[in-house]
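# Using only what follows, build the 3D model:
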Amino acid sequence: MKKTNDPMLAMQAFYRAAREELEQEWDARKRLKSCPVFFNITNFRLYNASCGIDQGDHCLQQIVEILQKNFPGRLLTHLGADHFAVLADTADVTTRIEAACHDVKDLIANPNIEMKAGIRYLSELPDPETLTLAFDNDAALACKSITKDATRHYAVYTREMGRLHELQNYVRENLDKALENHHIKVYCQPIVRSLNGKVCSFEALARWDSPEYGLLSPALFIPTLEEFRLIDRLDRYVADQMAQFLHNQMKRGQQTLPVSLNFSRLDFQLMDPAQMLEETLSRYQLPRDFLCPEVTENAWSFRMNPSARDCAVSGKPVSKSGSTISAAAIPR
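Residues are numbered from 1 along each chain as shown. Here you go, the predicted model:
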């Protein structure tokens, strides 16, 4: 069988060879001693930007040689971009991953660029499609889970990771339907003044009640919407729902208090929150201080419109509407 000390296998040849090797292991022992491993070089675009594409390609070839050195005789392929796959021996896979990651660290010498790995242990012989997914999906998910964790070089795939990925895909694919059918509901959380114990305002909170999955946690759907740059759609919806609620309260002559709306830094990249609030207040004929935008601290630290950042710090109006942005560290 062709091994990685020969020229590196093309992707489809790699998958066929991996399947053959696992079949041989299963036939001999009724257990598998090899496991899929997915490798990713995090932030490799920084290397290309600073050193050039040609030098980046040369660096990737050096990483191939590092993987071949640390996984001698094992099947290896380049999945594309800065991703690689190895069919590794489960007995010492973590030790070899650590060694390879340290070698890449020494090669690149940039703490912002690291090699990470995801491991997918197998309990039974997979069919060809399942084996491909074990590399491209499962091990890749494990690898992605530690992308921002500087203390870890590898992670092992779990069913919880698969479940999380399934829910994230659901959120991305069903946001528009959820907004249209009002599966996402907006609630008011009272804000109490500590001096007198009275409610002085409210904070708007979104909750997603999915017909398929039940109540989805904001800790799941909000980061997912931010990752896929869809968060502005949710925040527009929340603002509109709260404005409609306040308008109806006023029409009924009921007491109406200001409502705080949370915005992230992505909102300032994807839309103009001040203009959106002006239009919403005008549409529902509300006083300008009824919707109070709040910006989390990290929102004004990166690529934010300088004028909006200045407003967040000073509390000055962001526009002629008189709306202000107050800095708040309160999570969604």
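# Can you point out the buried residues in the longest strand along the chain?
In the chain, taking DSSP state E as the definition, the longest strand is strand 199-210. Of all the residues in strand 199-210, those buried under the rule 16 or more other CB atoms under 10 Å are 201-204, 206, 208, 210. Just so you know, the C-beta spots here come from the backbone N, C-alpha and C atoms, and that holds for glycine as well.
# Looking at the next helix-or-strand element following that strand now, give me its mean pLDDT.
Next in sequence after strand 199-210, counting helices and strands by DSSP states H and E, comes strand 214-216. The average of the pLDDT scores along strand 214-216 is 95.
# Give me the contact list for strand 214-216.
Residues outside strand 214-216 that contact it (CB atoms under 8 Å, 6 or more residues apart in numbering) are 167, 171, 207-210.
# Can you pick out the most distant pair from these?
Maximum pairwise distance in these, criterion CB to CB, is 15.0 Å, between 167 and 207.
# Just give me the closest of the buried residues of strand 199-210 to residue 293.
Among those, and counting by CB to CB, the member closest to residue 293 is residue 204, at 10.5 Å.
# Could you check how far that closest one is from residue 279?
Distance from residue 204 to residue 279, counting by CB to CB, to the nearest Å: 17 Å.
# Now residue 77. Its backbone dihedrals?
phi -150, psi 160 (degrees, to the nearest 10).
# Then the one 10 residues further on?
Residue 87 adopts backbone torsions of phi -90, psi 100, taken as degrees, to the nearest 10.
# swap in residue 193?
phi -80, psi 120.
# which residues does it contact?
199-200.
# repeat that with 6 Å
Residue 193 makes contact with residue 200, according to CB atoms under 6 Å, 6 or more residues apart in numbering.
# how close does it get to residue 288?
Taken as CB to CB, the span from residue 193 to residue 288 is 21 Å.
# before we move on, back to that, export the buried residues of strand 199-210 to CSV and append columns for pLDDT and distance to residue 44.
Formatted as CSV, the buried residues of strand 199-210 follow (pLDDT from 0 to 100; distance: CB to CB, whole Å):
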residue, pLDDT, distance to residue 44
201, 90, 46
202, 91, 45
203, 93, 40
204, 95, 40
206, 95, 35
208, 97, 34
210, 96, 36
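# Between those residues, which sits nearest residue 272?
Using CB to CB, the buried residues of strand 199-210 come closest to residue 272 at residue 204, 19.1 Å.
# Nearest to the spatial middle of this structure, which residue is it?
Central residue check for the chain by CA atoms, centre = their mean: the C-alpha nearest the mean position is that of residue 227, 4.6 Å away.
# quick one: the strands in the stretch 101-250 of the chain?
Assigned strands in the stretch 101-250 of the chain, in chain order: 115-119, 154-156, 184-192, 199-210, 214-216 (criterion: DSSP state E, counting those that start in this stretch).
# Out of the ones you listed, flag the one nearest residue 255.
strand 199-210 (9.8 Å).
# just checking, what packs against the closest one?
If you count contacts as 3 or more CB pairs under 6 Å, 6 or more residues apart in numbering; DSSP states H and E, strand 199-210 packs onto strand 184-192, strand 214-216, helix 231-251, strand 259-263.
# Please name whichever of the ones you listed is nearest to residue 125.
That would be strand 214-216 among the helices and strands packed on strand 199-210, by CB to CB, at 35.0 Å.
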